[in-house]
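J.: Sharing a sequence plus its predicted fold:
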Amino acid sequence: MANPKKVAYADLESIAGTETGVSDWHLIDQDRVNKFADATGDHQWIHVDVERATKAMGGPIAHGFLTLSLLPMLGGETLNVSGVTRGINYGSDKVRFTNMVPVGSKVRLRQKCTSVTEKSGGKQMIMENTIEIEGQERPALVAESITVLYG
């Protein structure tokens, strides 16, 4: 079970430049992929046609944007900030899908806080996110996320 790093909003600057943690492993199953396809309208066969994908490439793969969409959930397993009234996703930079996530595999997040600065009456955090695939050296995703927290 993940043990998120705990920090108070007032002390956020103290974690800049440090790894905030590693999430638990999470299974990427076909049901999750199908639900994401339904939610986004992206029903490309490499994701949802198990038979065709298995014949062509050994099995279906998760959507890259499904992998990216896991960041908020997985990030909650790496860092717990107390004293926050709200948080706003401000954006992402340098998003790279560096490896396919085969359906049936497990992924986890390794996260580092690269900076904390004042912004719009809150604190802007830039996080370096790496989503790893169990048993594979190359990660599925590397992305920088920007969040503004308010205390």
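T.: Nice, thanks for sending it over.
J.: For stretch 53-67, buried residues please.
T.: 53, 59-64, 66-67 (16 or more other C-beta atoms under 10 Å). Heads up, the C-betas are built off the backbone N, CA and C, glycines and all.
J.: Tell me the gap between the strand or helix carrying Tyr90 and the middle of its chain.
T.: Per DSSP states H and E, Tyr90 falls inside strand 86-97. How far strand 86-97 lies from its chain's middle: 10 Å, per C-alpha atoms, centre = their mean, to the nearest Å.
J.: What lies in contact with it?
T.: Strand 86-97 is contacted from outside by 64, 67-68, 72, 122, 124, 140-150, using C-beta atoms under 8 Å, 6 or more residues apart in numbering.
J.: And the strands in the protein?
T.: Remark: strands assigned in the chain by DSSP state E are 5-8, 18-22, 26-27, 79-82, 86-97, 106-119, 122-133, 141-150.
J.: could you dump these to a markdown table with mean pLDDT?
T.: What follows is the strands of the chain, written out as a markdown table (pLDDT from 0 to 100):
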| stretch | mean pLDDT |
| --- | --- |
| strand 5-8 | 95 |
| strand 18-22 | 96 |
| strand 26-27 | 98 |
| strand 79-82 | 96 |
| strand 86-97 | 95 |
| strand 106-119 | 97 |
| strand 122-133 | 98 |
| strand 141-150 | 97 |
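J.: Tell me which of the ones you listed sits most buried.
T.: Highest mean neighbour count of those: strand 122-133, a mean of 21 (counted as mean count of other C-beta atoms under 10 Å).
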